[in-house]
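Peer 1: 3D model of this:
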Amino acid sequence: MTSLIDRYVFTALRRVPEQQRTDIDRELRASIEDAVDARVDGGEPRDAAVEATLLELGDPDRLADSYAGRLPYLIGPDLFPFWRRLIKMLYTVVLPIVVAVAVTVQLFDHPTVGKVIGGGISALITTAVHIGFWTTLVFAILERTDARTELKTTWKPADLPKYEPSVVSRGQLAAGLVWPVLLMVALIMQQFTFTREPVLDPANWSFWWPFFLVMLVLECGYQVWLHRHRVWTHTVTLVNAALGILTTVPLVWLLATHHFYNPKFIATLNWGEVNPLTWLTNIAVVVAVATAVWDVAEVAARAERARRGLATKEPGSLAL
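Peer 2: Residues are numbered from 1 along each chain as shown. Modelled structure (predicted):
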């Protein structure tokens, strides 16, 4: 009858190269017997001593990997931080760029909302899978070559990321005021300059363009209030979301009903078979919605981190 020790040794030897099995068989059995004898001398029954010894040795497959010098993991602790930072960078920087390019190409080739959305989703999934697979494959190869020791670095306090203070700085205030002011200037100036015909529908000066000018003024007021409020809170999130909805919903409605662009300006565009109104409308809707969602999500994340007492890392403050 095969003993428990035999079964353990046989299981371990399955994953060991054949030329090493004889030596490892002898070494492993001797080690187990010595440990069992020590436990028996200490007063344990032999069966209990065998089981306790094997439990202490652990999984025979992992033990075999250690004997064979084989890594039981895909990416080890030396390279894992590099892999994680690179993956995060690729997914947050490269992936959005690729998707934006794919959406732009779809707008030129098939300027319909369904095909543009489908192309964007397809590009998102395909690119994400390729980034994850090929990056992980490269690091798995590096893990099993000499490059692993060359990439291994010693951690230093200087490697710590920098964090933004909870107070909204004057620099953040200035950055928050620049875009609303520029948009107000552009909205007014496009009526008289830039092109022979106004880009935007002049009929909307009866209500919608003044409405958007008011919303941009309110955005400037929100930035000043945020600076004086000094911290990110859920109240800030709600105010920011309200401004975003009040601005984005009418904007998308004007675009969808073709009341945004000046028909006379569109008539001056000759893009061959591509309908310029459809193309400009689709890309404006995508940009408007994506910008609004990003802004609301970013402010909400800052507020939640501030509520939990967590600091926000400054972009680019921790190198790969």
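Peer 1: Sketch out the low-pLDDT regions of the stretch 101-250 of the chain for me.
Peer 2: 104-114, 116, 144, 146-168, 194 (pLDDT under 70).
Peer 1: ranges for the strands of it?
Peer 2: 163-164 (DSSP state E, counting those that start in this stretch).
Peer 1: Which stretches in it count as helices?
Peer 2: Along the stretch 101-250 of the chain, counting by DSSP state H, counting those that start in this stretch, helices occupy 113-143, 147-151, 170-189, 208-229, 234-256.
Peer 1: of those, which approaches Thr281 most closely?
Peer 2: With CB to CB, the closest approach to Thr281 among the helices of the stretch 101-250 of the chain belongs to helix 234-256: 5.0 Å. C-beta coordinates here come from the backbone N, C-alpha and C atoms, glycine included.
Peer 1: what separates the helix or strand following the closest one from the chain centre, distance-wise?
Peer 2: Using DSSP states H and E, the helix or strand that directly follows helix 234-256 along the chain is helix 263-267. Taking the mean of its C-alpha atoms, helix 263-267 sits 40 Å from the chain's own mean (CA atoms, centre = their mean, to the nearest Å).
Peer 1: buried residues in helix 263-267?
Peer 2: 265-266 (16 or more other CB atoms under 10 Å).
Peer 1: which other residues reach it?
Peer 2: The contact list for helix 263-267 (CB atoms under 8 Å, 6 or more residues apart in numbering) reads 195, 197-199, 201, 276-277, 280.
Peer 1: Among the residues you listed, which one sits closest to Met89?
Peer 2: Leu280 (32.5 Å).
Peer 1: pretty sure the closest one contacts Tyr261?
Peer 2: Yes - if you go by CB atoms under 8 Å, Leu280 and Tyr261 touch, sitting 6.2 Å apart.
Peer 1: sorry, back to before: Asp295: which of the helices of the stretch 101-250 of the chain is closest?
Peer 2: Of all these, helix 234-256 sits nearest to Asp295, with 5.9 Å by CB to CB.
Peer 1: for the closest one, packing partners?
Peer 2: When contacts are defined as 3 or more CB pairs under 8 Å, 6 or more residues apart in numbering; DSSP states H and E, helix 234-256 packs onto helix 208-229, helix 276-307.
Peer 1: That helix versus helix 208-229: what angle between them?
Peer 2: If you take axes from the mean of the first three to the mean of the last three CA atoms, to 10 degrees, helix 234-256 sits at 160 degrees to helix 208-229.
Peer 1: how much does helix 234-256 deviate in direction from helix 276-307?
Peer 2: Using the same axes, to 10 degrees: helix 234-256 against helix 276-307 is 170 degrees.
Peer 1: Please work out which residues outside helix 234-256 touch it.
Peer 2: 204, 208, 211-212, 215, 218-219, 222, 225-226, 229, 260, 281, 284-285, 288-289, 292, 295-296, 299-300, 303, 307.
Peer 1: coming back round to it: so which of the helices and strands packed on helix 234-256 gets nearest Arg29?
Peer 2: Once the helices and strands packed on helix 234-256 are compared by CB to CB, helix 276-307 is nearest, at 56.6 Å.
Peer 1: Give me the pLDDT for Tyr251.
Peer 2: That one is not Tyr; residue 251 is Leu. At Leu251, the predicted lDDT confidence score is 92.
Peer 1: I'd like the numbering to begin with 181 instead of 1 from here.
Peer 2: Got it, first residue is 181 now, which makes that one Leu431.
Peer 1: for the helices and strands packed on helix 414-436, which one sits closest to Gly299?
Peer 2: If we rank those by CB to CB, the stretch that ends up nearest is helix 456-487, at 11.5 Å.
Peer 1: Give me the average confidence score over the closest one.
Peer 2: For helix 456-487, the mean confidence score works out to 85.
Peer 1: buried sites along it?
Peer 2: Buried residues in helix 456-487 (16+ other CB under 10 Å): 456-457, 459-466, 468, 472, 476, 479-480, 482-483, 485-486.
Peer 1: Next, find the distance separating Pro360 from Leu423.
Peer 2: Applying CB to CB, to the nearest Å, the value for Pro360 to Leu423 is 10 Å.
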